[in-house]
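*Asks:* Let me see the structure of the following:
(chains A and B)
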Amino acid sequence: KQEVTQIPAALSVPEGENLVLNCSFTDSAIYNLQWFRQDPGKGLTSLLLIQSSQREQTSGRLNASLDKSSGRSTLYIAASQPGDSATYLCAVDPGTYKYIFGTGTRLKVLA
Amino acid sequence: DAMVIQNPRYQVTQFGKPVTLSCSQTLNHNVMYWYQQKSSQAPKLLFHYYDKDFNNEADTPDNFQSRRPNTSFCFLDIRSPGLGDAAMYLCATTRGGPTNEKLFFGSGTQLSVL
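*Replies:* Residues are numbered from 1 along each chain as shown, chains lettered A, B, ... in the order given. The predicted structure follows:
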């Protein structure tokens, strides 16, 4: 059974710092992986989607990498800003459209 | 310009009183999902549809049912809500088909059970 883990559960950093969020999954047979942002009491917004054949994807200050063989993905946020404060979740699709989510990393960027 | 719309935003019901949550989409996506998310937990998949094909997760309680009368609309019915069903309910869509595309979520319905 696929399990998705995100470490750390919470993170506080000063503004301007570069940071890395981690996502690990137990079954490497995935179709794709997505990173999401969730603000308190709101729905999720997809940030980046990495296909199983890709190694990384970039969007602005965000860069996500995927190492399927080791069951890991990282989300790199450059030059963090207070507006980046949110919970970041990763989810994997095993190829059946049944996305399995991690519990997220709660990020706080201090001004 | 919201593409996945959930109503209502907040729903309060009584223990055992049936409740229906609704979701609509303007994206014409084939796949629609219902997720349950409790505080500080991962979203948990309840069901998903690929067009009219319904897929129920094995551990989704029988108390939860879903309907998708057309491409645009999907409903979550909770027949006899218990206190443990209080949660955020999230609707999501994706195009489906041979290409991988992002999931689009609605803003969620926060359900309280009194």
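*Asks:* Run through the residues that contact the residue nearest the centre of chain B.
*Replies:* In chain B, the C-alpha closest to the average C-alpha coordinate belongs to B:Trp34, at a distance of 2.8 Å (CA atoms, centre = their mean). Neighbour list for B:Trp34: B:23, B:45-48, B:66, B:74, B:76, B:89-91 [criterion: CB atoms under 8 Å, 6 or more residues apart in numbering or on different chains]. In short, each C-beta sits where N, CA and C put it, glycine included.
*Asks:* Name the nearest of those residues relative to A:Ser65.
*Replies:* B:Leu45 (25.3 Å; CB to CB).
*Asks:* buried stuff in whichever strand or helix holds that closest one?
*Replies:* Assigned by DSSP states H and E, B:Leu45 belongs to strand B:44-50. Of all the residues in strand B:44-50, those buried under the rule 16 or more other CB atoms under 10 Å in any protein chain shown are B:44-49.
*Asks:* Chain A next: which of the residues you listed are close?
*Replies:* B:44-45, B:48 (CB under 8 Å from any CB of the partner chain).
*Asks:* Would you work out how far apart the start and end of stretch A:86-99 are?
*Replies:* 21 Å (CA to CA, to the nearest Å).
*Asks:* now swap in stretch A:61-79 and tell me
*Replies:* Using CA to CA, the distance between the terminal residues of stretch A:61-79 is 7 Å.
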